[in-house]
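1. The following comprises the amino acid sequence and a computationally predicted model.
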Amino acid sequence: MESSTGDNPKVTFEQDGDVGIITLADPPLNLFSLQLIDELGTATAHAQESSIRALILRAEGEHFTAGAQVDDVFQGLTPAHAEERLEGFRQMIARTERLPFPTLAVVRGLCLAAGLETILTVDLIWASETAQFAFAEPVIGLTPVAGGVYRLASRAGMGRAIETVLTARPYDAATMERWGVVNRVLPDAELDEKALAFARRLAAGPTQAYAVTKELMRTYSEQGMAAADALTPKACARLFETEDLAHGIESLLTKGPGHAEFHGR
């Protein structure tokens, strides 16, 4: 299944079995124009409404994205108009965090500004060895507009996050992996194939348990450990009515670990 918006889509969504794939499809730079932003929101909605159990976010071409198409997105805005537009973008990419299945961003080449903010709402980030990450907004007198700097801080720490904004310089994939932002760095030629294989393994897992994990982690991030502790018994108790847990327990007791097949129910 494949879906897109308009005659010349800049974003596509396709389903490969239980794995969904959202692709930025406006190479070579995949700039975040108003059309691309709108279509990315539509693709995310399609993913959420589909039957997938894992999602990949990737891009066509040499670069993930070089950031926003400045003349289309920012030029000539009044503060009131800017606030409305930026809030829409923030809400659009933040919806990715609430998807009830694992998400994986696959990054090669440049990943700047709006692109970096977007992938920081994804659960896991894999990058090619030549990938470069930057908050480039200060180049035009701006700062990250959709929560990227504090999402980066949640992974890398406040000092490193603010450094990326104050310097606006690119950081390579190895540095981002060392900082805990990127989960895995791979040769460019292996990136897509291994990412798809990994996503398929995630999609074959206990999807509802993964959803609870994400809910608890989000609660911890937004409200702290006490709130997450308060939610944990109730959230985890819901899993005891799932077929996957019942089957997983039975499989463990009769066959040993590693033999359960999960169906997301």
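-> Here it is on my side, so go on. Numbers count the residues shown, from 1 in each chain.
2. CA only for contacts and neighbour counts going forward, please
-> OK.
3. what ranges do the strands span in the stretch 1-150 of the chain?
-> 2-4, 11-16, 19-24, 54-59, 103-107, 110-112, 124-128, 132-134 (DSSP state E, counting those that start in this stretch).
4. would a markdown table of those strands with mean neighbour count and mean pLDDT be doable?
-> Listed next are these as a markdown table, based on neighbours: other Cα atoms under 10 Å; pLDDT from 0 to 100:
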| stretch | mean neighbour count | mean pLDDT |
| --- | --- | --- |
| strand 2-4 | 15 | 54 |
| strand 11-16 | 21 | 97 |
| strand 19-24 | 26 | 98 |
| strand 54-59 | 26 | 98 |
| strand 103-107 | 26 | 98 |
| strand 110-112 | 26 | 98 |
| strand 124-128 | 23 | 98 |
| strand 132-134 | 25 | 98 |
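5. Need those strands in CSV (columns: distance to residue 225).
-> What follows is these, written out as CSV (distance: least, Cα to Cα, whole Å):
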stretch, distance to residue 225
strand 2-4, 40
strand 11-16, 36
strand 19-24, 32
strand 54-59, 27
strand 103-107, 23
strand 110-112, 32
strand 124-128, 21
strand 132-134, 30
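6. what's residue 130 in contact with, if anything?
-> 108-109, 172-173, 188 (Cα atoms under 8 Å, 6 or more residues apart in numbering).
7. So of the residues you listed, which two are at opposite extremes in space?
-> 172 and 188 (13.6 Å; Cα to Cα).
8. hey, what's in contact with both of these two?
-> 129-130.
9. on that earlier part again, output the contacts of residue 130 as CSV; include the columns pLDDT.
-> Supplementary listing: those in CSV, determined by pLDDT from 0 to 100:
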residue, pLDDT
108, 97
109, 98
172, 98
173, 98
188, 95
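10. those helices in this protein, which residues are they?
-> Remark: helices assigned in the chain by DSSP state H are 34-49, 70-73, 79-94, 114-119, 148-156, 158-167, 173-178, 188-203, 207-223, 225-237, 243-255.
11. Go through those helices and name the closest to residue 104.
-> helix 188-203 (7.4 Å).
12. And the closest one, what does it pack against?
-> strand 19-24, strand 54-59, strand 103-107, strand 124-128 (3 or more Cα pairs under 8 Å, 6 or more residues apart in numbering; DSSP states H and E).
13. Quick check: buried residues in it?
-> Neighbour counts over helix 188-203 (16 or more other Cα atoms under 10 Å) mark 188, 191-192, 195-196, 199-200, 202-203 as buried.
14. cool, and stretch 233-241?
-> Of the residues in stretch 233-241, 235, 239 count as buried by neighbour count, 16+ other Cα under 10 Å.
15. Quick one: distance of that stretch to the chain centre.
-> Distance of stretch 233-241 from the chain centroid (Cα atoms, centre = their mean, to the nearest Å) equals 26 Å.
16. Extract the C-alpha set from that stretch and format it as CSV.
-> Extracted in CSV, the C-alpha atoms of stretch 233-241 (Å, rounded to 0.1, in the frame of the first residue of the first chain):
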residue,chain,number,x,y,z
PRO,A,233,0.8,-0.3,37.7
LYS,A,234,-2.3,0.7,35.9
ALA,A,235,-0.6,0.9,32.5
CYS,A,236,1.1,-2.4,32.8
ALA,A,237,-2.0,-4.1,34.2
ARG,A,238,-3.7,-3.4,30.8
LEU,A,239,-1.3,-5.9,29.3
PHE,A,240,-2.8,-8.7,31.3
GLU,A,241,-5.8,-8.8,29.0
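17. so where's the protein shaky on pLDDT?
-> Applying pLDDT under 70 to the chain flags residues 1-6.
18. quick check: domain ranges of this structure?
-> 2-203, 207-255 (automatic domain parsing).
19. Looking at the contacts of residue 130, which one is closest to residue 215?
-> Among the contacts of residue 130, and counting by Cα to Cα, the member closest to residue 215 is residue 173, at 27.9 Å.
20. thought that closest one was touching residue 129?
-> Yes. Counting by Cα atoms under 8 Å, residue 173 touches residue 129, with 6.0 Å between them.
21. what sits in contact with each of the two?
-> residue 185.
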